[in-house]
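Asker: Output the structure for:
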Amino acid sequence: MRAILMTEHGGPDVLRLTEAADPRPGPGEVVIELAAAGVNFRDVYERQGVYPKELPAVPGAEGAGRVTAVGDGVTDVRVGDVVASAELRGAYAERAVAPADRVVPVPDGVAPDLAAAVLLQGLTAHYLTHSTFEIKPGDTALVHAAAGGMGLLLTQMIKLRGGRVIGTVSTDEKEKLARDAGADEVLRYDGFAEEVRRRTGGVPVVYDGVGRTTFDGSLASLRPRGLLALYGAASGPVPPVDPQRLNTGGSLYLTRPTLGHYVATREELLWRADDLFAWIASGELSVHVGGRYPLADTGRAHEDLEARRTTGKLLLVP
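Answerer: Below you'll find the predicted structure:
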């Protein structure tokens, strides 16, 4: 099969297309022939070496497609099932392996490429809005990068729960996308904290996947006892923080959540995935695919993502 092999850490040029042996399932595993694989910032971090990954390796963890083989002990998944997973072993390929208990069924009303586009970010947006800070009717949330894949999903889920959204974006085109997704107000990054406080007096929650360049303003945007959910670092890692800042800011809360802790059980994984796919099938949740790339252009997909030239979700289509 064709696959992207990474033998060293570095820039997008380390992502090389190669021929690889077909994967075989071990006990409790399945092989999926991928209709599409998701491109995520965590893939960038692994490529750069920020997130440790043993090399050589095929990058990528998110995708959807048809099961072509099952390993010993697998009873709930069958050959021919259409499934998705955010815990694939080597998704930047034509076929990949996943633990059977970490795949979710894709219903007939959801195309496999949309399942691949929504799963990781959708599960993340779900836990952020339903568990990390449970949005209630009337709550106002600040959502950074509101026109990105995560921002568009967060905005729609907040609106589904009766909340209000203030989004930040960098261009007029991105502002239109954010507003189309339901954002009530859209700001540019320059001076956003002052403007949020002027309009609201401080918000109860900020969802920040940008990191270094927005962190100080995110804290300053919170009302007393507000919560900053720092779920990513697209602009780079946040420098060390003196906890006293949380006190002086108004007894603030800061959390750095990660998906694995919010889908630790199969029941929780299926709850979140079932919600996602039901919303897509009913038209309540729209998934914006900002770009589709063949495997040979994987490096360009990473370049576009890092340069923030994209909106919505990027997919590799084997």
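Asker: mind listing what the residue nearest the centre of the chain touches?
Answerer: The C-alpha lying nearest the average C-alpha coordinate of the chain belongs to residue 121 (CA atoms, centre = their mean; 2.6 Å). Counting by CB atoms under 8 Å, 6 or more residues apart in numbering, residue 121 makes contact with 38, 40, 149-150, 153, 313. For every residue, glycine as well, the C-beta is placed using N, CA and C.
Asker: can we see that at 7 Å?
Answerer: Listed by CB atoms under 7 Å, 6 or more residues apart in numbering, the contact set of residue 121 reads 149-150, 153, 313.
Asker: now the helices for the stretch 101-250 of the chain?
Answerer: Per DSSP state H, counting those that start in this stretch, the stretch 101-250 of the chain carries helices over the ranges 112-127, 149-160, 172-180, 192-200, 215-220, 244-248.
Asker: Of the ones you listed, which is nearest residue 304?
Answerer: helix 149-160 (12.4 Å; CB to CB).
Asker: And that closest one, what's buried?
Answerer: Across helix 149-160, burial judged by 16 or more other CB atoms under 10 Å covers 149-159.
Asker: okay if I get these as TSV plus pLDDT and distance to residue 294?
Answerer: Output for these, formatted as TSV (pLDDT from 0 to 100; distance: CB to CB, whole Å):
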residue	pLDDT	distance to residue 294
149	89	20
150	93	24
151	95	26
152	95	24
153	96	25
154	98	29
155	98	30
156	98	29
157	98	31
158	98	34
159	98	35
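Asker: Can you tell me which of those residues is nearest residue 93?
Answerer: Proximity of the buried residues of helix 149-160 to residue 93 (CB to CB) peaks at residue 149, which lies at 21.3 Å.
Asker: mind checking the SS state of the nearest residue to the closest one once chain neighbours are set aside?
Answerer: In this structure, residue 149 finds its nearest non-sequential neighbour in residue 313, 3.9 Å apart by CB to CB, 6 or more residues apart in numbering. Each residue gets one of three states, and residue 313 gets strand by DSSP: H, G, I helix; E, B strand; the rest coil.
Asker: From here on, call the first residue 2.
Answerer: Done: numbering now begins at 2, and the last item shifts to residue 314.
Asker: give me the number of residues near residue 314?
Answerer: When neighbours are defined as other CB atoms under 10 Å, residue 314 has 30 of them.
Asker: ok, it - contacts?
Answerer: Per CB under 7 Å, 6+ apart, neighbours of residue 314: 39, 118, 122, 150, 288-291.
Asker: Could you pick out the longest strand of this structure?
Answerer: Among the segments of the chain that qualify as a strand by DSSP state E, the longest is strand 30-40.
Asker: any residues touching that strand, and which ones?
Answerer: Counting by CB under 7 Å, 6+ apart, 24, 26, 61, 63-72, 75, 78, 84, 92-93, 95-101, 104, 113-114, 117-118, 121, 302, 306, 314-319 sit against strand 30-40.
Asker: mean confidence for it?
Answerer: For strand 30-40, mean pLDDT rounds to 98.
Asker: who does it pair up with?
Answerer: Strand partners for strand 30-40, identified by DSSP bridges, are recorded as strand 64-71 (antiparallel), strand 96-100 (antiparallel), strand 314-317 (antiparallel).
Asker: CA atoms of that strand as CSV?
Answerer: C-alpha atoms of strand 30-40 as CSV (Å, rounded to 0.1, in the frame of the first residue of the first chain):
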residue,chain,number,x,y,z
GLU,A,30,-7.6,-5.0,16.4
VAL,A,31,-9.2,-4.2,13.1
VAL,A,32,-7.8,-3.0,9.7
ILE,A,33,-9.6,-0.1,8.0
GLU,A,34,-9.3,0.8,4.3
LEU,A,35,-9.5,4.6,4.6
ALA,A,36,-11.8,6.8,2.7
ALA,A,37,-10.1,9.8,4.3
ALA,A,38,-7.7,10.7,7.1
GLY,A,39,-7.9,13.9,9.2
VAL,A,40,-4.9,16.3,9.3
